[in-house]
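Asker: below are the sequence and a predicted model; questions follow.
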Amino acid sequence: ARSDGLAGSSVAELATQRVLVESLGGSYHSIVGDDIPAAVLKFARANNATQIVIGASRRNPVVAALTGPGTGMAITRTSGTIDVHVISHDYIGKGRVLPRVGRGLTPARRLAGLLAALVLLTALVPICAAHRTGISLASDMLLFLLAVVIISLIGGFYPAFIAAIAASLLLNYYFVPPIHTFTISRAENVLALTVFIVIASLVSRVVDLAARRSSEAARSNAEAETLSTLAGSLLRGEQALPALLQRVQETFTVTSVTLLRRETQAPASTGATSPGTTSAGLRGTWSCLGSVGVDPCMRPEDGDTEVPVGDALVLVLRGRRLATEDQRLLAAFASQVAVAYQQRRLAEAAEAAVPVAEADRMRTALLNALSHDLRTPIASAKAAVSSLRGRDV
């Protein structure tokens, strides 16, 4: 886990690995750090580990040559006395299976930044030119720098960088002597324009990163609030599963949410639907354990988004396809839905055991009563038989 709180791993996959590790007698640990090789080796040495097992890198050889040795090679080079085992697989050197999702601003925001750059720079030139005698070149540069910062707040780094280049050209053409030419007569003006571009780019970059971090922090806060509400929903007893499904529907704004359980894995025809809550599909026969919303999905292939919950359960959403950044939160919801379903099963089993316990209690009471009523005559009969068998009577 990164120290800034960002993570790129699937919650569901990590939960599956944790269950596997603990079922084999191992212990599962999560560590925080910015340098993966250093963090892994520090943890290994702290626990006196003698072996480290890692997977071979998926990175393309060209990318690896440009970006460095990578995590696996760095661990191997700096492991010292710890043995490192590298496991091969079918994806070595083929790159990632799925491309990384960019964290940049939306195209609409970038387009808005470019439009803002066009409007601000176009408006600044005649205003500053009209007051050329009363405003110095340094003041003109500060005004254009302010415009670039505003553009970075609207559209991010790239529109601001383009605006910085355009602003430097406009300053050179309209305000740096000789005016209305791109020729610069004094070397200090060249230095000033160069510094202007560098400062505008750096400020734009800082503002862009701050805006992204603010957005990520706001999303993390929203996820934490949602998960907190989700944890509280588990305390609702028998209504936990419907409440969680309702919460999933509200959080992700979908039309229906359904929890399905696989009954058989044998392929079946797509059009056949059995009576009740059981349906056959391409991936087997499924039964509906709970649903909220209109037009619930009776098969996983009927939904727009699905997430596995354990080995036989699937949470299916219908209404829209979720964005990539929503998948992590949905996986956390799915894990809680599985817990709620297990709680409901345990509650049903406990309710079914109540009549059996009552019957056992009545049977025990009846046997105790009968044994008490029979104890006195049996004792008398035993004493009589013992007296008859006695030779001294």
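Answerer: Yes, it's here.
Asker: helices along the stretch 251-393 of the chain, start to end?
Answerer: Using DSSP state H, counting those that start in this stretch, the helices found in the stretch 251-393 of the chain span residues 324-389.
Asker: so where's it shaky on pLDDT?
Answerer: Where the stretch 251-393 of the chain drops to pLDDT under 70, the residues are 265-283, 310, 324-325, 343-344, 347, 372-373, 393.
Asker: count of neighbours near Phe333?
Answerer: Phe333 has 25 neighbours, counted by other C-beta atoms under 10 Å. Any C-beta I mention is one placed from the backbone N, CA and C, and that applies to glycine too.
Asker: quick one: it from Leu367, how far?
Answerer: From Phe333 over to Leu367 the distance is 51 Å, taken as C-beta to C-beta, to the nearest Å.
Asker: just Asp295 next, same as before
Answerer: Applying C-beta to C-beta to Asp295 and Leu367 gives a distance of 56 Å.
Asker: check contacts around Gly303.
Answerer: By C-beta atoms under 8 Å, 6 or more residues apart in numbering, the contact list for Gly303 reads 258, 297, 316-318.
Asker: and the closest residue to it other than its chain neighbours, bridged to which residues?
Answerer: Spatial nearest neighbour of Gly303, excluding adjacent residues (C-beta to C-beta, 6 or more residues apart in numbering): Val316 at 3.7 Å. Beta-bridge partners recorded for Val316 (DSSP bridges): Thr258, Glu306.
Asker: can I assume Val316 is in contact with Pro308?
Answerer: No - Val316 is beyond contact range of Pro308, at 10.4 Å (criterion: C-beta atoms under 8 Å).
Asker: the more surrounded of those two?
Answerer: Taking other C-beta under 10 Å, Val316 and Pro308 do not tie; Val316 has more neighbours (25 against 15).
Asker: which residues touch that one?
Answerer: Neighbouring residues of Val316 by C-beta under 8 Å, 6+ apart: 257-260, 297, 300, 302-303, 305-306.
Asker: put together JSON lines for these, with distance to Glu250 on each row.
Answerer: Converted to JSON lines, the contacts of Val316 look like this (distance: C-beta to C-beta, whole Å):
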{"residue": "Val257", "distance to Glu250": "10"}
{"residue": "Thr258", "distance to Glu250": "15"}
{"residue": "Leu259", "distance to Glu250": "16"}
{"residue": "Leu260", "distance to Glu250": "20"}
{"residue": "Cys297", "distance to Glu250": "18"}
{"residue": "Pro300", "distance to Glu250": "22"}
{"residue": "Asp302", "distance to Glu250": "21"}
{"residue": "Gly303", "distance to Glu250": "17"}
{"residue": "Thr305", "distance to Glu250": "15"}
{"residue": "Glu306", "distance to Glu250": "19"}
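Asker: of the residues you listed, closest to Gly33?
Answerer: Thr305 (32.5 Å; C-beta to C-beta).
Asker: gap between the closest residue to that closest one other than its chain neighbours and Thr285?
Answerer: Of all residues not flanking Thr305 in the chain, Leu317 sits nearest, at 4.4 Å (C-beta to C-beta, 6+ apart). Noted for Leu317: a distance of 21 Å to Thr285, by C-beta to C-beta.
Asker: and for Gly70?
Answerer: 45 Å.
Asker: quick one: the strands in the protein?
Answerer: Counting by DSSP state E, residue ranges of the strands within the chain are 51-55, 83-87, 256-264, 278-281, 284-293, 305-309, 313-318.
Asker: buried ones in the third one?
Answerer: So that's strand 256-264. Neighbour counts over strand 256-264 (16 or more other C-beta atoms under 10 Å) mark 256-261 as buried.
Asker: touching, the residue nearest to Thr305 and Pro296? I think so.
Answerer: No - between Leu317 and Pro296 there is no contact under C-beta under 8 Å: 10.3 Å.
Asker: what touches both of the two?
Answerer: 256-257.
Asker: the more surrounded of those two?
Answerer: Neighbour count, other C-beta under 10 Å: between Leu317 and Pro296, Leu317 has more, with 24 against 21.
Asker: which ones are touching that one?
Answerer: Applying C-beta under 8 Å, 6+ apart, the residues contacting Leu317 are 248, 252, 254, 256-257, 303-306, 330.
Asker: ditto for Thr71
Answerer: By C-beta under 8 Å, 6+ apart, the contact set of Thr71 is 36-37, 54, 57.
Asker: quick one: pLDDT of it?
Answerer: What the model reports for Thr71 is a pLDDT of 85.
Asker: count the neighbours of Gly293 for me.
Answerer: Gly293 has 18 nearby residues by other C-beta under 10 Å.
Asker: residues touching the residue lying closest to it once chain neighbours are set aside, list them.
Answerer: Excluding the flanking residues, the one nearest Gly293 by C-beta to C-beta, 6+ apart is Ser256, at 3.2 Å. Applying C-beta under 8 Å, 6+ apart, one finds that Ser256 lies in contact with 249, 291-297, 317-319.
Asker: for Ala243, see how far away Ser256 is.
Answerer: On the measure of C-beta to C-beta, Ser256 and Ala243 end up 16 Å apart.
Asker: rewinding a little: kindly give a single PyMOL line that selects the buried subset of the contacts of Thr71.
Answerer: To isolate the buried ones among these in PyMOL, judged by 16+ other C-beta under 10 Å, type:
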select buried, resi 37+54+57
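Asker: out of the contacts of Thr71, who's nearest Leu153?
Answerer: Checking the contacts of Thr71 against Leu153 by C-beta to C-beta gives Ile36 as the nearest, at 33.4 Å.
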